[in-house]
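Asks: sequence below, structure please.
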Amino acid sequence: MEKKQHYKSMCRMCNNHCGINVYVENGRVVNITGLKEHRWNHGRLCVKGRLGVDLVNAPDRLKKPLKRVGSQWQEIDLEQAYDEIAEKIKKIQQTWGNRAMGIWKGEAVGFLTQEELARRFAHAIGSPNYFSNDSQCYVGRWIGYALVSGTWAEPDFANAKCTVIWGSNPPYAHPNMTQSILQGRENGGRLIVIDVRLSAMARQADDFIQILPGTDGALALGLARQLIRDDLISHEFIKGYTHGFDAYADHAKAFTPERVEKETGIPAERVVDIARKIGNARPKVCIYAGNGLEHHENGINNVRAIACLDGLLGSLDEEGGNFIPEKIPLRSLTLYDEKPLRHLGPIGADKFPVLYDFRQECHTMSAMDTILTQKPYPLKGMVLTGANPALTNPNSRKVIQALKALDLFVVRELFMTETAELAHYVLPAATYLEHSELHTYPVCQSIGISPEIVTFPECDYDYMFWKKLAHRLGASHYFPWEDENELNQWILKDTGITVETLFDHPEGFKYKSRHFQKYKKEKFNTPSGKFEFVSDYLKGHGYSHVPEYIAPTYMSDPNPEYPYVLVTGARKLFYCHGRNRNFKRCRTAIPHGEIEMHPHDARQLGVDTGDVVTVTSSVGSVDIPVTVVPHSHILPGVTQITHGWKESNVNLITHDDRNDPIDGFPLMKSVEVKIKPKRQEDGE
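Replies: This next block holds a predicted model:
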């Protein structure tokens, strides 16, 4: 009998990159545990991490290339699939131009090197059209903070005197973050949670502030007003290192506690109390904004208003505040300097120039319209890897209609997803256990590498996938590395660190010790070189230079036909967005979607837990079972549906055409809906 083999690696079941032990018997992964010596997770491993065994061994795993022939799938040779796909790409580009091809990267096969490889390939073949899930997740917050401080900081929760978790549920989404938060509490720090729902994190809080959806900017500005009024601010930081404080402070004056109560539903006295608790803990204050802030019609400015609090408190790049990591000088794989291609009109860049300026990211919602209308130019082909927009993008019916209309749709995936079912070719992808990858840990300024542990013959890893296609399309000079080992060595070349060194340090190699208050010697990465309470850059694009609060439409212009407000996307413990729902033990624990509903609303509708209701927005309808939650869990008139369920796909009713004007993020968390019980006589 073959001896059990042991490998030290990093988990990729979410974006935490925890250190793991992987055990293999007879070429099969049999167990995954936490790696005790790892700098980031210290041996902890959540349930999703242990599901890596299910991922690599899943019986429905794709392991052969598939080609659509009529309405049937036909297995074909991998090299033949590459040949045919390349020829079809050539034909599209010869007929319609290089920009008629799009490249779309999701999270299911990776996050870091995988993203840069996809971006590199798009520009290598002459197309500016790179798409990803980031145009509706995370980047909204990233841009909001980048507009203020020039970066996305890392909270130093363990040393904070006061932590504010705003619109996030770390126990279900960021387990290591949770441990750091709880460590801070054990050291005497206060925990404040601001959220629409009584989440797992909120149950741990000293103060839970339950807010109406989409009104976060009003609260942030109200807190700012109170901090300034009570002189609980950092005059040294504001005077020496900020831009536009007077205009910002003048804007905040209108947000009295009474106005904030009217906008947010939070009692005026609580607004004052929370401001003082935060202010008295300065500068050791960590404020973390989650993706609950992004999917609103005014998401960017709401995030900007929250980010400005770091400057008021002087907590940015302070121990116990929000730490600005010093990046390791990894070489970039993108070609934006060599082949920028902005002149070719990246899709969505004209309508949402800030998104493109900051991220070189095309707008996926605009892509659907471009495919269907062929305006401003034809988009005829798409290569998509590790994404499932038919389930996770807003207005799913339009997404499906658009993807079906493509002349060439290639999907590279681990499983036959709802999106893969629409493709002309489906190629099997490698999991994170089947290739080597660099991982960075900004909060502890460390870097690591994961090894290739198992392989399947026709499941190419990312670099090989793009290399083989590029070779057939005459762009092989942009992918000159023989394999991932050579690629990783090239990425590391300017760091002075070798691949061998990283393999010798499975716990993570610390590339630099942490230093605080770097702004005293270095400028912020903003146009002014300072922390920007106001943005002249945004003003130049015709937007408000202050973080202007605009009330959500369900409040400012209520429609009696749609009396409820729907929030989407709250995390479930076993799942990561649309993933893991094909795993038996996940389905056993959480078998189906649900709409969370306040008892008052359930009584008015005459429904109880388990009853099915039809939820309708101006976009469409979805049938879904009810879960009546405790009174404190959610506010009356507010409901919540988690995305990712094919049987009750909430994105059938979310908006792709109501967007934040700055970054283009879709309205997905304050959607006006009506709810009707689905009775037996309705045909149930």
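Asks: for the lengthiest helix in the chain, list the C-alpha coordinates in CSV.
Replies: Longest helix in the chain, counting residues (DSSP state H): helix 78-96. Extracted in CSV, the C-alpha atoms of helix 78-96 (Å, rounded to 0.1, in the frame of the first residue of the first chain):
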residue,chain,number,x,y,z
LEU,A,78,-7.8,18.8,-25.9
GLU,A,79,-5.4,19.9,-28.6
GLN,A,80,-8.2,19.7,-31.2
ALA,A,81,-10.3,21.9,-29.0
TYR,A,82,-7.5,24.5,-28.8
ASP,A,83,-7.1,24.4,-32.6
GLU,A,84,-10.8,24.8,-33.3
ILE,A,85,-11.2,27.6,-30.8
ALA,A,86,-8.2,29.5,-32.1
GLU,A,87,-9.5,29.3,-35.7
LYS,A,88,-12.9,30.7,-34.6
ILE,A,89,-11.2,33.5,-32.7
LYS,A,90,-9.1,34.3,-35.8
LYS,A,91,-12.2,34.4,-38.0
ILE,A,92,-14.1,36.7,-35.6
GLN,A,93,-11.2,39.1,-35.4
GLN,A,94,-10.6,39.1,-39.1
THR,A,95,-14.3,39.8,-39.8
TRP,A,96,-15.1,42.2,-36.9
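Asks: neighbours around residue 636, how many?
Replies: The tally of other residues near residue 636 (other Cβ atoms under 10 Å) stands at 12. Using the backbone N, CA and C atoms, a C-beta is placed for each residue, glycine as well.
Asks: just the element for residue 7, please.
Replies: strand 5-10 (DSSP states H and E).
Asks: report the buried residues of that strand.
Replies: 7, 8, 9, 10 (16 or more other Cβ atoms under 10 Å).
Asks: neighbouring strands - and their directions - for whichever helix or strand comes after the longest helix of the chain?
Replies: The helix or strand immediately downstream of helix 78-96 is strand 101-105, counting by DSSP H and E. Strand 101-105 sits in its sheet next to strand 130-132 (parallel), strand 381-385 (parallel), going by DSSP bridges.
Asks: what are the ranges of the strands in the stretch 451-600 of the chain?
Replies: Here the stretch 451-600 of the chain has its strands, by DSSP state E, counting those that start in this stretch, at 509-510, 531-532, 564-568, 595-597.
Asks: could you dump those to JSON lines with distance to residue 30, mean pLDDT and mean neighbour count?
Replies: Shown next, in JSON lines, are the strands of the stretch 451-600 of the chain (distance: least, Cβ to Cβ, whole Å; pLDDT from 0 to 100; neighbours: other Cβ atoms under 10 Å):
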{"stretch": "strand 509-510", "distance to residue 30": "28", "mean pLDDT": "96", "mean neighbour count": "18"}
{"stretch": "strand 531-532", "distance to residue 30": "51", "mean pLDDT": "98", "mean neighbour count": "28"}
{"stretch": "strand 564-568", "distance to residue 30": "37", "mean pLDDT": "97", "mean neighbour count": "23"}
{"stretch": "strand 595-597", "distance to residue 30": "37", "mean pLDDT": "98", "mean neighbour count": "24"}
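Asks: any stretches of the stretch 101-250 of the chain with poor pLDDT?
Replies: For the stretch 101-250 of the chain, residues meeting the criterion pLDDT under 70 lie at 109-111.
Asks: what about the helices in it?
Replies: 113-124, 139-149, 170-173, 175-186, 216-229, 235-241, 245-252 (DSSP state H, counting those that start in this stretch).
Asks: how far off centre is the second one?
Replies: Think helix 139-149. 13 Å (Cα atoms, centre = their mean, to the nearest Å).
Asks: now residue 520: how far from residue 509?
Replies: 28 Å (Cβ to Cβ, to the nearest Å).
Asks: again with residue 197
Replies: Distance from residue 197 to residue 509, by Cβ to Cβ: 39 Å.
Asks: list the buried residues of stretch 254-262.
Replies: Within stretch 254-262, judged by 16+ other Cβ under 10 Å, the buried ones are 255, 256, 257, 259, 260, 261.
Asks: stretch 192-210 now?
Replies: 192-202, 204-205, 207-210.
Asks: right, and the helices of the stretch 101-250 of the chain - which one's nearest residue 654?
Replies: helix 139-149 (15.0 Å; Cβ to Cβ).
Asks: helices or strands up against that closest one?
Replies: strand 285-289, helix 299-313, helix 353-359, strand 531-532 (3 or more Cβ pairs under 8 Å, 6 or more residues apart in numbering; DSSP states H and E).
Asks: what's the angle from the first one to helix 139-149?
Replies: If I follow you right, that is strand 285-289. 140 degrees (axes from the mean of the first three to the mean of the last three Cα atoms, to 10 degrees).
Asks: strands paired with strand 285-289, and their directions?
Replies: Under the rule (DSSP bridges), strand 285-289 has strand 162-166 (parallel) as partners.
Asks: now do the last one
Replies: The strands that strand 531-532 pairs with in its sheet are strand 242-243 (parallel) (by DSSP bridges).
Asks: which residues touch residue 584?
Replies: residue 54 (Cβ atoms under 8 Å, 6 or more residues apart in numbering).
Asks: hmm, back to that, can you list the strands paired with strand 101-105 in a markdown table and add mean neighbour count and distance to residue 318?
Replies: As requested, the strands paired with strand 101-105 are arranged in a markdown table below (neighbours: other Cβ atoms under 10 Å; distance: least, Cβ to Cβ, whole Å):
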| stretch | mean neighbour count | distance to residue 318 |
| --- | --- | --- |
| strand 130-132 | 26 | 33 |
| strand 381-385 | 25 | 40 |
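Asks: tabulate those strands (a markdown table), appending distance to residue 215.
Replies: Below are these laid out as a markdown table (distance: least, Cβ to Cβ, whole Å):
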| stretch | distance to residue 215 |
| --- | --- |
| strand 130-132 | 29 |
| strand 381-385 | 36 |
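Asks: residue 403 is nearest to which of the helices of the stretch 101-250 of the chain?
Replies: That would be, of the helices of the stretch 101-250 of the chain and by Cβ to Cβ, helix 113-124, which comes in at 17.4 Å.
Asks: contacting residues around residue 215?
Replies: With Cβ under 8 Å, 6+ apart, residue 215 has these contacts: 263, 264, 265, 551, 552, 555.
Asks: nearest to residue 65, of the residues you listed?
Replies: Of the contacts of residue 215, the one sitting nearest to residue 65 (Cβ to Cβ) turns out to be residue 552, at 45.9 Å.
Asks: and for that closest one, the neighbour number?
Replies: 22.
Asks: now it: closest residue in space, sequence neighbours ignored.
Replies: Leaving out its chain neighbours, the residue that sits closest to residue 552 by Cβ to Cβ, 6 or more residues apart in numbering is residue 214, at 3.5 Å.
Asks: wait, what's in contact with the residue lying closest to residue 338 once chain neighbours are set aside?
Replies: Excluding the flanking residues, the one nearest residue 338 by Cβ to Cβ, 6+ apart is residue 123, at 7.9 Å. For residue 123, the contact set (Cβ under 8 Å, 6+ apart) comprises 130, 334, 335, 336, 338, 339, 341.
Asks: what residues are up against the closest residue to the last one other than its chain neighbours?
Replies: Excluding the flanking residues, the one nearest residue 341 by Cβ to Cβ, 6+ apart is residue 128, at 3.9 Å. Neighbour list for residue 128: 99, 122, 341, 342, 344, 345, 346, 349, 362 [criterion: Cβ under 8 Å, 6+ apart].
Asks: and those residues, which of them are in strands?
Replies: For these, not one is inside strands, with DSSP state E as the criterion.
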